[in-house]
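Engineer: Below: sequence and its predicted model.
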Number of protein chains: 2
Amino acid sequence: MENPELDKIRDEFTEIAGQLGVRLGLSRTVGQLYALLFLSDEPLCLDYMVERLKVSKGSVSTNIRELEKWGGVKKVWVKGSRKDFYEANPDTLKIVINRFKGGIQERVNEMSGGIDKFEKALSKIENSLSVEEKKKAQFYKEKFRKVKKMQTLINTFLKIIPKKIFL
Amino acid sequence: MENPELDKIRDEFTEIAGQLGVRLGLSRTVGQLYALLFLSDEPLCLDYMVERLKVSKGSVSTNIRELEKWGGVKKVWVKGSRKDFYEANPDTLKIVINRFKGGIQERVNEMSGGIDKFEKALSKIENSLSVEEKKKAQFYKEKFRKVKKMQTLINTFLKIIPKKIFL
DNA sequence: TAGAACGTTTAGAATGTTCTAAACAAAGTA
DNA sequence: TACTTTGTTTAGAACATTCTAAACGTTCTA
């Protein structure tokens, strides 16, 4: 069952996936958990993952749910066992894209939300400003418009990414 | 020159940009520096940014060069001053995209590089494997092919992002 | 009902990141 | 040459993140 060569390959793959996880703003362990399940032909239980990754039970418990939140794994029921088993969502690319969308897009939109506020604030005080300050306020408004335009572009662009991709 | 209302708006904008910086895998200060320059109609020197952001000179020095590395700012020469002045690259979206490309894409490609190695390693030991192990090796190969396919898709996709975007 | 089997929560340890302050290097000025 | 201005480097402080170990709660079993 356990071949050291095969295990080494699996472990190295898992390690690289961990780094990808970090790059996506998740933790290393989240990436590793996904890789482990991705390379398994059957659902795995918490204890097995603890043993394989040599991390604590608490860490697996927390991280596997983080992974679940992002659609990376789902809990499956295994006949005859009380344990929780998980299996990988095979649509890896979709997970990566989801994560990206939820990250950048959210921030950019948040920025645009703030900008509406700023624009209102500017309009409100505009009258009380000196000529010099009015110029500055006008300058800010232009810049803010650029950010909003960027947000529109990003949102439009993300929409064209297909919902389902078959590998 | 200094209007508290206008300054407050600039500072809040700067703060949000800092969070976007973190999301992009850069530091908060990098994001803040860009925002400061983005909202300025003239190049700024290191000392001014220190004063504005209330961070140390060393931090601005390090972070502004990180920002420069990603094409976020460029050094400009200001007549009659020995100081280094910087101005923002106005093409914000391009910077965000560059950063994204250099991040995810690089990792995914690195993964694919590793996979070539794994596939070779598998082929090499294939003969010495039991029937059971052979099945496992075959299973891994399939999975690896999927990752490579994903990499191809991501690369293709990133290529269609226009090089230059006008806001 | 007592105990075992599991997963979750949490306090604090380990680790990693980013900052500051100070020393430093380089280059201009007097 | 001595002094000033300016940016860079770096050791260690401050902070944030992620882990571990242990306590805990729940559910099942005997």
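Structural biologist: That came in fine, so what should we check first?
Engineer: show me what contacts A:Asn3?
Structural biologist: By C-beta atoms under 8 Å, 6 or more residues apart in numbering or on different chains, the residues touching A:Asn3 are B:Leu129, B:Glu133, B:Lys136. Using the backbone N, CA and C atoms, a C-beta is placed for each residue, glycine as well.
Engineer: Would you map out the domains in chain A?
Structural biologist: Under automatic domain parsing, the residue ranges defining each domain of chain A are A:4-89, A:93-159.
Engineer: Least confident of those, on average?
Structural biologist: Ranked by mean pLDDT, the domains of chain A end with domain A:93-159 at the bottom, a mean of 85.
Engineer: quick revisit: tell me which of the contacts of A:Asn3 is nearest to A:Lys148?
Structural biologist: Nearest to A:Lys148 among those, counting by C-beta to C-beta, is B:Lys136 at 52.7 Å.
Engineer: Once you drop chain neighbours, what's closest to that closest one?
Structural biologist: Leaving aside its sequence neighbours, B:Lys136 sits nearest to A:Leu6 (C-beta to C-beta, 6 or more residues apart in numbering or on different chains; 6.0 Å).
Engineer: Nearest to DNA strand D within chain A, name that residue for me.
Structural biologist: Per C-beta to the nearest atom of the strand, the residue of chain A with the smallest distance to DNA strand D is A:Gly58, at 2.5 Å.
Engineer: Pull out the buried residues from the host helix or strand of that residue.
Structural biologist: Following DSSP states H and E, one finds A:Gly58 within helix A:57-69. Neighbour counts using 16 or more other C-beta atoms under 10 Å in any protein chain shown place A:Val60, A:Asn63, A:Ile64, A:Glu66, A:Leu67 of helix A:57-69 among the buried residues.
Engineer: how about those in CSV, adding distance to DNA strand D?
Structural biologist: Output for those, formatted as CSV (distance: C-beta to the nearest atom of the strand, whole Å):
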residue, distance to DNA strand D
A:Val60, 7
A:Asn63, 5
A:Ile64, 11
A:Glu66, 9
A:Leu67, 11
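Engineer: ok, and which of those residues reach DNA strand C?
Structural biologist: A:Ile64 (C-beta under 7 Å from any atom of the strand).
Engineer: Which of the buried residues of helix A:57-69 sits closest to B:Arg10?
Structural biologist: The closest of the buried residues of helix A:57-69, once distances to B:Arg10 are taken by C-beta to C-beta, is A:Glu66, at 35.7 Å.
Engineer: If I follow the layout properly, that closest one ends up in contact with A:Leu24?
Structural biologist: No - contact criterion C-beta atoms under 8 Å: A:Glu66 and A:Leu24 do not qualify, at 11.5 Å.
Engineer: Okay, and which of the contacts of A:Asn3 map to strands?
Structural biologist: Per DSSP state E, strands hold no members of the contacts of A:Asn3.
Engineer: I'd like those residues laid out as JSON lines, including neighbour count and distance to B:Thr92.
Structural biologist: Converted to JSON lines, the contacts of A:Asn3 look like this (neighbours: other C-beta atoms under 10 Å in any protein chain shown; distance: C-beta to C-beta, whole Å):
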{"residue": "B:Leu129", "neighbour count": "17", "distance to B:Thr92": "53"}
{"residue": "B:Glu133", "neighbour count": "17", "distance to B:Thr92": "52"}
{"residue": "B:Lys136", "neighbour count": "18", "distance to B:Thr92": "48"}
